[in-house]
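Participant: Quick check, what structure comes out for this input:
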Amino acid sequence: MRAVGHPRLFPRMSKTTPLEDTEMQNIGMIGLPAAGKEDGQVLASVELSLKRWRVAAVSHGVDKVSRVDIAGGDAAGLLQRLDRWRADCVRRLGRSVAVTVCYEAGRDGFWLARYLEAHGITVLVLDPASLQVNRRARRAKTDRIDAEGMLRALRRHCWGEPKVFSVVRPPTPAEEDSRCLSREREALVKDRTRHVNAIVALLTAQGVADIGVGRRGWLERLAEAHTGDGRALGPHLRARLGRLARRLEEVARQIAEVEAEMAELDRRRSVRLPVGRSTIAARLCRLTGIGPVSAMVLEEEAFHRTFANRRHVAAYAGLTPTPFQSGESHREQGIAKAGNPRLRRTMVELAWLWLRYQPDSPLSQWFQARVGDARGRVRRIAITAVARKLLVGLWRYVTTGLLPDGVRLSPA
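Facilitator: A predicted model of the protein is given here:
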């Protein structure tokens, strides 16, 4: 039976798509298996917003797109509408009907996908950057246009066309909860840096030399500080510095609390493992230059996933190159930066630490031979390559137990 639908939802099929193979793995994306025809299905797309959800749907035997608005956050109302469309399709066909829903990953997270899947509905969470849009400088953009665009892409996927979009793999509730610790610590460290910079800026404006803000005894040195021209600090300035100092102490206390929770989480995971096994974070800490915080970030952000090959690992971190080739023009546009930003930042930091604490490893020697005494852009490009190679080597280590060549282990 041939599916009948709105003519605007049936674009001419193209033999090629602009997406590259590596882009299927960006931001936790997974490749999709070939799907069957859309006969006997209800396909729906949801454009999420704070106050209103715009839903566009099409079902077998209907030649028009159904559009409906639902109050933002009303998952029960969305489920009721989907059940109504499914019941109408069942009456026409006289057999069971599958329902597939898609929406873009964003602020609303993955709770809606879990809710709908618990009621027997297939949900695809799409990477917004993978959807093709009109490239005009001033393109029309509304919730209705976005919802219908997602619906057209979903129908093309159901026809079996590959690489129509990329799908984000939702984390489990346990994974989503455990990664809160490393992400909270990252936010707290930024707050600590902001408070320290504010205190240093206020003191520098008065001609006070660096008193080692945040280090041991810095409050005593602050109490004895005088301006550059020999005056005592003003009362309002001292009051402001005191408030900033209390905020800094509170942030430091919370950082220590979060790090203690991270250590306790790793200990509980170790208890549940068989004798002789250790957690991914504990195995990474065996390598000189990798500390417990970085190891926890790598475990929570990357190595709890399953990757098919090294290209997928690098693409997930956004460390893959993006070439531009058109006619006689050939150039590199830099790394993709389309993956997990926390993982990418951590790997660049670890790359610098690797050069410092693993100077005899082949990776460090490769960097020195290629860069030498060069500075600036060449060095930054090379350290990104080190980060990509190091990530692949660490992935092989945690999955197969194969140590990177020439690596030094930390003392037990």
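Participant: okay, CA-based contacts and neighbour counts for the rest of this
Facilitator: OK.
Participant: what about Leu43, is that helix, strand or coil?
Facilitator: Assigned with DSSP: H, G, I helix; E, B strand; the rest coil, Leu43 falls in the strand class.
Participant: Please name the bridge partners of it.
Facilitator: Listed beta-bridge partners, Leu43: Val58, Thr100 (assigned using DSSP bridges).
Participant: The host helix or strand of Val258 packs against which elements?
Facilitator: Using DSSP states H and E, Val258 falls within helix 235-272. Here helix 235-272 touches helix 173-205, going by 3 or more Cα pairs under 8 Å, 6 or more residues apart in numbering; DSSP states H and E.
Participant: One more pass at 10 Å, please.
Facilitator: Counting contacts by 3 or more Cα pairs under 10 Å, 6 or more residues apart in numbering; DSSP states H and E, helix 235-272 is packed against helix 173-205, helix 218-223, helix 280-285, helix 292-298.
Participant: Using CSV, write out every CA atom in the last one.
Facilitator: As requested, the backbone C-alpha atoms of helix 292-298 are provided in CSV (Å, rounded to 0.1, in the frame of the first residue of the first chain):
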residue,chain,number,x,y,z
PRO,A,292,41.1,12.0,40.1
VAL,A,293,39.0,14.9,38.9
SER,A,294,40.1,14.6,35.3
ALA,A,295,39.6,10.9,35.5
MET,A,296,36.1,11.3,36.8
VAL,A,297,35.2,13.7,34.0
LEU,A,298,36.5,11.3,31.4
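Participant: Could you pull up phi and psi at Pro162?
Facilitator: Backbone geometry at Pro162, expressed as degrees, to the nearest 10, gives phi -80, psi 160.
Participant: Which pLDDT value belongs to it?
Facilitator: The per-residue pLDDT reported for Pro162 equals 89.
Participant: And Arg2, by the same measure?
Facilitator: For Arg2, the model assigns a pLDDT of 43.
Participant: I'd like the numbering to begin with 46 instead of 1 from here.
Facilitator: Sounds good: first residue 46 from here, last item Arg47.
Participant: Against Ala360, how distant is the residue most central in space within the chain?
Facilitator: Nearest to the geometric centre of the chain sits Asn385, at 3.4 Å (Cα atoms, centre = their mean). Remark: distance between Asn385 and Ala360 (Cα to Cα, to the nearest Å) = 9 Å.
Participant: follow-up on the earlier one: could you give me the average pLDDT of the helix holding Val303?
Facilitator: The predicted model assigns helix 280-317 a mean pLDDT of 92.
Participant: Buried residues of it, list them for me.
Facilitator: Neighbour counts over helix 280-317 (16 or more other Cα atoms under 10 Å) mark 286-287, 289-290, 292-293, 296-297, 299-300, 303-304, 307, 311, 315 as buried.
Participant: Repeat that for stretch 209-219.
Facilitator: Buried residues in stretch 209-219 (16+ other Cα under 10 Å): Val209, Phe210, Ser211, Val212, Val213, Arg214, Pro215.
Participant: cool, and stretch 120-140?
Facilitator: By neighbour count on 16+ other Cα under 10 Å, the buried set for stretch 120-140 is Ala120, Leu123, Leu127, Trp130, Arg131, Ala132, Asp133, Cys134, Val135.
Participant: Could I get the full set of helices for this protein?
Facilitator: Shown for the chain, the helices assigned by DSSP state H span residues 120-138, 156-163, 188-203, 218-250, 263-268, 280-317, 325-330, 337-343, 355-361, 386-402, 407-416, 422-445.
Participant: Put together a markdown table for the ones you listed, with distance to Asp172 on each row.
Facilitator: Shown next, in a markdown table, are these (distance: least, Cα to Cα, whole Å):
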| stretch | distance to Asp172 |
| --- | --- |
| helix 120-138 | 21 |
| helix 156-163 | 14 |
| helix 188-203 | 11 |
| helix 218-250 | 18 |
| helix 263-268 | 48 |
| helix 280-317 | 30 |
| helix 325-330 | 28 |
| helix 337-343 | 22 |
| helix 355-361 | 13 |
| helix 386-402 | 15 |
| helix 407-416 | 33 |
| helix 422-445 | 23 |
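Participant: for these, which one sits closest to Ser175?
Facilitator: The closest of the helices of the chain to Ser175 is helix 188-203. By Cα to Cα, the value is 10.4 Å.
Participant: Hmm, the residue nearest to the centre of the chain is touching Tyr361, no?
Facilitator: Yes - counting by Cα atoms under 10 Å, Asn385 touches Tyr361, with 6.2 Å between them.
Participant: Ala150: which of the helices of the chain is closest?
Facilitator: Closest to Ala150 of the helices of the chain, according to Cα to Cα: helix 156-163, at 10.1 Å.
Participant: From the chain's centroid, how far away is the closest one?
Facilitator: With Cα atoms, centre = their mean, to the nearest Å as the basis, helix 156-163 stands 20 Å off its chain's centre.
Participant: Could you pull up the contacting residues of Ser406?
Facilitator: With contact set as Cα atoms under 10 Å, 6 or more residues apart in numbering, Ser406 has these partners: Trp399, Leu400, Pro449, Asp450, Gly451, Val452, Arg453.
Participant: Buried only: go through those residues for me.
Facilitator: When the contacts of Ser406 are checked for burial by 16+ other Cα under 10 Å, the buried set is Trp399, Leu400, Pro449, Val452, Arg453.
Participant: taking the residues you listed as a set, which two sit the farthest apart in space?
Facilitator: Leu400 and Pro449 (13.8 Å).
Participant: Check the contact lists of those two and give me the overlap.
Facilitator: Going by Cα under 10 Å, 6+ apart, residues that sit against Leu400 and also against Pro449 are Ser406, Leu408.
Participant: Mind listing what's buried along stretch 102-110?
Facilitator: Buried positions in stretch 102-110, judged by neighbour count with 16+ other Cα under 10 Å: Ala102, Val103, Ser104, His105, Gly106, Val110.
Participant: Where does the record place the domain boundaries for this protein?
Facilitator: Following automatic domain parsing, one gets these domains for the chain: 52-213, 218-317, 325-445.
Participant: got any ranges where the protein has weak pLDDT?
Facilitator: 46-85, 320-322, 457 (pLDDT under 70).
Participant: ok, so what distance separates Pro386 from Leu93?
Facilitator: Separation of Pro386 from Leu93 (Cα to Cα) stands at 23 Å.
Participant: between the two, who's got more neighbours?
Facilitator: Per other Cα atoms under 10 Å, whichever of Pro386 and Leu93 has more neighbours is Leu93, with 22 against 16.
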